[in-house]
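Novice: Could you work out the structure for the sequence below:
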Amino acid sequence: MNRARLGLLTGTHAVNDLYQGLLPALLPFIALERGYSYTAVSGLMLAAMGLSSVIQPLFGLYVDRASRPWMVPLGFVTAAIGLVLVGMSPDYWVSWAAAVLCGLGIAAYHPPATVAARVAGGSSQKAMSVFSVGGTIGASFAPLLATAAVGNGQLHHSWLLLLPAVVMLVVWTLWTRRDVQNTRSAMASPAHTLKTTQQTNDWRAFFLLCAVIVGWSIPYVTVLSMLSLYVTRELSGSAFMGAAALTTLTAAGAVGTLLGGWMGDRWGRIPAIRLGYLLALPAMGGLAMASSAEMAWACTLALGVCMFLPFAPQVTLAQDYLPRNQATASGITLGLAMSIGGMVAPLFGMLSDAYGLRYTVSTVLCVLCAACLLAWCMRERAYSPQRLAAQM
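Specialist: The predicted structure follows:
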């Protein structure tokens, strides 16, 4: 394990996903200052998260062909520029196009950075967990940073949000100049190590897993995009309380990711996945029935942990369902399947405009119930020692 390189990549992941979290954190301020409806706000989420997830598998195919280390800094810098333009532009459609640019940057970053993190971490699963949680930690700081930079009608100060990307770009440039050869080897695509001939693909089980992930994606993206507005408008909480709830959701997700990986190793992936969905139901129900901002915050804490318990087990299970096409499995589960939540976000925005945010939260609870039921239809697939040897 190259700890220095892994630390650098974890830092870039934190910065990149900071911008992924900054968009939903900016939405309450944009809606308040510009008078956007819930539908318009959800449209910005669609532009960034939905299109980003759809295009991410294509970037993965591009990276698989050759080593492209320059895509790591290009990704998080592009995301930063797009995010700043979202906050600075008073025109909705310019902001929408900027949100697309932000999403493209986020999508371009993940394939090369994940490959590099795997090489830097060697055979350690803990290394990949640290890299993944680095992104979650970055996203968890987004609401507080957004409040500090653009709160109280200061959207014209959105340019301040570019600073983390500039600092990380300087760090990346200095490090790569010092260690050019090692950087190239760290970014080398290990696509040839992912191929296996020992097992067949189980497409039926894989598509069932995709359906479960869609049932996860819709509630998560909806809550992520509406949580601050729900706390401030429906529950009369302060702007700080709304930002704190959003921070809690993402930070609790980091805890849930680590805990889910530990549970998967100890008791198996299917039990970890089922338990996560089962425990998320009362947490989501409590959020829907919350009578105060404090109660919503407590339910958000539980929801973040529970919804992310299945995250790591689902990714590895997808790869084992498609042992001959593991890159495809990762691209679909982390890209296309999760993008459904962003695509349907405007529909739930329209629902919120018509009936209110509390009704929307109750509706996505029903979607989460369906995902929980489907999770009970899934089955484990043994992890092949031969495949493990092929991947090292």
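Novice: use CA for all of it now, contacts and neighbours both
Specialist: Noted.
Novice: Just to check, Val305 is in contact with Gly256?
Specialist: Yes: using CA atoms under 8 Å, Val305 is in contact with Gly256, at 4.1 Å.
Novice: okay, now the domains of this structure?
Specialist: 1-189, 193-392 (automatic domain parsing).
Novice: Just send the ones you listed back as TSV, with mean neighbour count and mean pLDDT too.
Specialist: Formatted as TSV, those follow (neighbours: other CA atoms under 10 Å; pLDDT from 0 to 100):
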stretch	mean neighbour count	mean pLDDT
domain 1-189	21	80
domain 193-392	20	81
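Novice: Show me where the stretch 51-200 of the chain has its helices.
Specialist: 51-65, 71-88, 92-121, 125-140, 142-150, 163-178, 180-186 (DSSP state H, counting those that start in this stretch).
Novice: Now Leu169: closest residue in space that isn't a chain neighbour?
Specialist: Spatially, and ignoring its direct neighbours in sequence, Leu169 is nearest to Pro73 (6.3 Å; CA to CA, 6 or more residues apart in numbering).
Novice: separation between the one you found and Val167?
Specialist: 11 Å (CA to CA, to the nearest Å).
Novice: same thing with Ala47?
Specialist: In terms of CA to CA, Ala47 sits 27 Å off from Val167.
Novice: Just the residues contacting stretch 221-234, thanks.
Specialist: 24-25, 27-28, 42, 45, 237-239, 241-243, 245-246, 249, 293, 296, 341-342, 345, 348, 357-358, 361, 364 (CA atoms under 8 Å, 6 or more residues apart in numbering).
Novice: Tyr38 - nearest residue in space that isn't next to it in sequence?
Specialist: Tyr38 sits nearest to Gly349 (CA to CA, 6+ apart), 4.8 Å away.
Novice: what about the longest helix along the chain, distance to the chain center?
Specialist: Scanning the chain for the longest helix, with DSSP state H as the assignment, gives helix 3-34. Relative to its chain's centre, helix 3-34 lies at 10 Å (CA atoms, centre = their mean, to the nearest Å).
Novice: Repeat that for stretch 159-173.
Specialist: Relative to where its chain is centred, stretch 159-173 has its mean C-alpha point 21 Å off (CA atoms, centre = their mean).
Novice: CA atoms of it as PDB?
Specialist: Output in PDB follows, covering the C-alpha atoms of stretch 159-173 (Å, rounded to 0.1, in the frame of the first residue of the first chain):
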ATOM      1  CA  TRP A 159     -16.700  32.500  -6.300                       C
ATOM      2  CA  LEU A 160     -15.300  31.800  -2.800                       C
ATOM      3  CA  LEU A 161     -16.400  28.200  -3.300                       C
ATOM      4  CA  LEU A 162     -13.700  27.800  -6.000                       C
ATOM      5  CA  LEU A 163     -10.900  28.000  -3.400                       C
ATOM      6  CA  PRO A 164     -10.900  24.300  -2.300                       C
ATOM      7  CA  ALA A 165     -10.400  23.200  -5.900                       C
ATOM      8  CA  VAL A 166      -7.600  25.700  -6.400                       C
ATOM      9  CA  VAL A 167      -5.800  24.600  -3.300                       C
ATOM     10  CA  MET A 168      -6.100  20.900  -4.200                       C
ATOM     11  CA  LEU A 169      -5.000  21.600  -7.800                       C
ATOM     12  CA  VAL A 170      -1.800  23.200  -6.400                       C
ATOM     13  CA  VAL A 171      -1.100  20.300  -4.100                       C
ATOM     14  CA  TRP A 172      -1.800  17.800  -7.000                       C
ATOM     15  CA  THR A 173       0.600  19.700  -9.400                       C
END
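Novice: who are the neighbours in contact with the residue nearest to Leu169?
Specialist: Thr12, Tyr109, Leu169, Trp172.
Novice: Distance check, the first one against Leu235.
Specialist: With distances defined as CA to CA, the gap from Thr12 to Leu235 amounts to 36 Å.
Novice: and what of the last one?
Specialist: Remark: distance between Trp172 and Leu235 (CA to CA) = 43 Å.
Novice: picking up where we left off before, shouldn't the residue nearest to Tyr38 be in contact with Met45?
Specialist: No: counting by CA under 8 Å, Gly349 does not reach Met45; the two are 10.3 Å apart.
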